[in-house]
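[1] Could you look at this predicted model? Sequence included:
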Amino acid sequence: MNIVVGLGNPGTEYESTRHNTGFMVVERLAQARGIVLDKKTRLVRWGEGDVGGIPVTIAESRTFMNNSGLAVKELLKAADADPEKLIVVYDDLDLEPGQIRVRENGGSGGHKGIISIVNQIGSDVFVRVRVGIGRPPGRQDPARYVLSPFSKREREDMDVTIERAADAVAYLLLEGVTKAMNEFNRRIDQDD
């Protein structure tokens, strides 16, 4: 079973923040595929279904971002799944808004949610879908920036990006990592 996990922070106060982009993507994917996230523990919320006949668990961590690894570890254990079956979707400061990067494995890029996952599961061999949120303007603190909501204009643009990222995850499940990287690892303008 493939496991797709979106990263973010729990609670209504974080619902529309940049750091919850991973949640937004997996919620869009689940909605498009008729998968209801109706199962939960203290650490994770998930639902099961399929994407084009491929069995999948779609989940959101219920921990704060810096403890995402606890949720992912619990989910992998419950599903008796290897990290190689894991796809993690999350926000990335180093990508411009509108950019998506699919990556087979690698380092954390300094993302605390990814650091937590690698530390908890003892592996960096899992697929990442990074969704660009851009750098903070001026000298704004990055920690404050990721916890701030999108402006109305940014939100309209991000809706397009979130849809594309959900499509990227579905394509990845159906066609594999290499084809997904070739298809989605390029910038497309919001007007396309």
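    Right, received. Where do you want to start?

[2] quick one: contacts of the helix or strand of the chain with the lowest mean pLDDT?
    Counting by mean pLDDT, DSSP states H and E, the chain has its least confident helix or strand at helix 142-146, which shows a mean of 92. Contacts with helix 142-146, where a contact means Cβ atoms under 8 Å, 6 or more residues apart in numbering, come from 17-19, 91, 93, 133, 135-136. To be clear about C-beta, it is placed using only N, CA and C from the backbone, and glycine gets the same treatment.

[3] If you count neighbours, what's buried in that helix?
    145-146 (16 or more other Cβ atoms under 10 Å).

[4] can you tell me the average pLDDT over stretch 4-20?
    Averaged across stretch 4-20, pLDDT comes to 95.

[5] ends of that stretch, how far apart?
    Taking Cα to Cα, to the nearest Å, stretch 4-20 runs 15 Å from one end to the other.

[6] what does stretch 105-116 give?
    15 Å.

[7] which parts of that stretch are buried?
    In stretch 105-116, counting by 16+ other Cβ under 10 Å, buried: 109, 111-116.

[8] can you redo those as TSV with distance to Glu27?
    Below are the buried residues of stretch 105-116 laid out as TSV (distance: Cβ to Cβ, whole Å):
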residue	distance to Glu27
Gly109	23
His111	20
Lys112	21
Gly113	17
Ile114	20
Ile115	24
Ser116	21
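
[9] out of those residues, who's nearest Asp80?
    Closest approach to Asp80 among these (Cβ to Cβ): Ser116, at 21.4 Å.

[10] Give me the three-state assignment for that closest one.
    Here Ser116 takes the helix state, with states given by DSSP: H, G, I helix; E, B strand; the rest coil.

[11] Who are the packing partners of the longest helix belonging to the chain?
    Of all the elements of type helix in the chain, the one with the most residues (DSSP state H) is helix 152-175. Counting contacts by 3 or more Cβ pairs under 8 Å, 6 or more residues apart in numbering; DSSP states H and E, helix 152-175 is packed against strand 2-6, helix 21-32, strand 44-51, strand 54-61, strand 86-92, strand 100-103, strand 127-132, helix 177-184.

[12] Any chance of TSV for these, columns distance to Met158 and mean neighbour count?
    Output for the helices and strands packed on helix 152-175, formatted as TSV (distance: least, Cβ to Cβ, whole Å; neighbours: other Cβ atoms under 10 Å):
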stretch	distance to Met158	mean neighbour count
strand 2-6	14	26
helix 21-32	7	23
strand 44-51	22	19
strand 54-61	18	23
strand 86-92	10	25
strand 100-103	12	22
strand 127-132	9	24
helix 177-184	16	16
